[in-house]
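Asks: Quick one: sequence plus predicted model below, questions after.
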Amino acid sequence: MYRTITRFLPIFIFLLSACGGNAATTPEAVPTWTPDPCASSNLNASVKPINDLQREFDDASGLASNLPVDQLDDAITNLQRIRREAENITPPPCLVALKSYQLAHMNAVIDTLIAFVGGADTNTLNQGMTLARQEHDRYTLEMARVLGVTLVTATAAP
């Protein structure tokens, strides 16, 4: 029996070494684990880059809405920069709708400000502001849905 083992041992070692690989020369052979960005434990981290840009955009658009028309060029350029950063984010599947609503809101705000600078009529501006508000609401509702938060409607004070 010892002779049988010693006779097949070199073949076994050869086969075993052929199946393995040096991790330094074949990194693809080393399995890695990637956490699911849509898992509830990871959602806050997954949402953060998207929401950080939304917050920055909201702050910048609030500032822009209080500027005189002759100072809006730089504000619009800044809003466009934030939108481009948002466009460059590749969200996980569970956040595709959130990003879509975000970009729709950003586009509506920017388009409305550009229309304002261009001297658009009041009806066009009101439509743009209404669309921007609706898209922001859709973003907020989707954010709440994704994070499992229940929104409570505020009631007006008497």
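Replies: Done, it's in.

Asks: pLDDT on the strand or helix carrying Thr77, on average?
Replies: Taking DSSP states H and E as the criterion, Thr77 maps to helix 72-87. Across helix 72-87, the average pLDDT comes to 97.

Asks: roughly how far is the following helix or strand past it from the heart of the chain?
Replies: Sequence-wise, the next helix or strand downstream of helix 72-87 (DSSP H and E) is helix 96-117. Taking C-alpha atoms, centre = their mean, to the nearest Å, one finds helix 96-117 lying 15 Å from the centre of the chain it belongs to.

Asks: what about this protein, any weak spots by pLDDT?
Replies: Applying pLDDT under 70 to the chain flags residues 1-29, 158.

Asks: 80 - rerun?
Replies: Applying pLDDT under 80 to the chain picks out residues 1-34, 41, 152-158.

Asks: now the helix holding Thr77 against helix 96-117, angle please.
Replies: Relative orientation of helix 72-87 versus helix 96-117 (axes from the mean of the first three to the mean of the last three C-alpha atoms, to 10 degrees): 170 degrees.

Asks: now helix 72-87, how far from the centre of its chain.
Replies: 17 Å.

Asks: just the CA coordinates of it, formatted as CSV?
Replies: Extracted C-alpha coordinates of helix 72-87, given in CSV (Å, rounded to 0.1, in the frame of the first residue of the first chain):
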residue,chain,number,x,y,z
LEU,A,72,-27.6,84.7,-12.3
ASP,A,73,-25.0,83.6,-14.8
ASP,A,74,-22.4,82.3,-12.2
ALA,A,75,-25.2,80.8,-10.2
ILE,A,76,-26.5,78.8,-13.2
THR,A,77,-23.0,77.7,-14.0
ASN,A,78,-22.6,76.4,-10.5
LEU,A,79,-26.0,74.6,-10.7
GLN,A,80,-24.9,73.0,-14.0
ARG,A,81,-21.6,71.8,-12.4
ILE,A,82,-23.6,70.1,-9.6
ARG,A,83,-25.9,68.5,-12.1
ARG,A,84,-23.0,67.1,-14.1
GLU,A,85,-21.5,65.6,-10.9
ALA,A,86,-24.9,64.0,-10.2
GLU,A,87,-25.0,62.7,-13.8
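
Asks: That's all I had, so thanks and see you.
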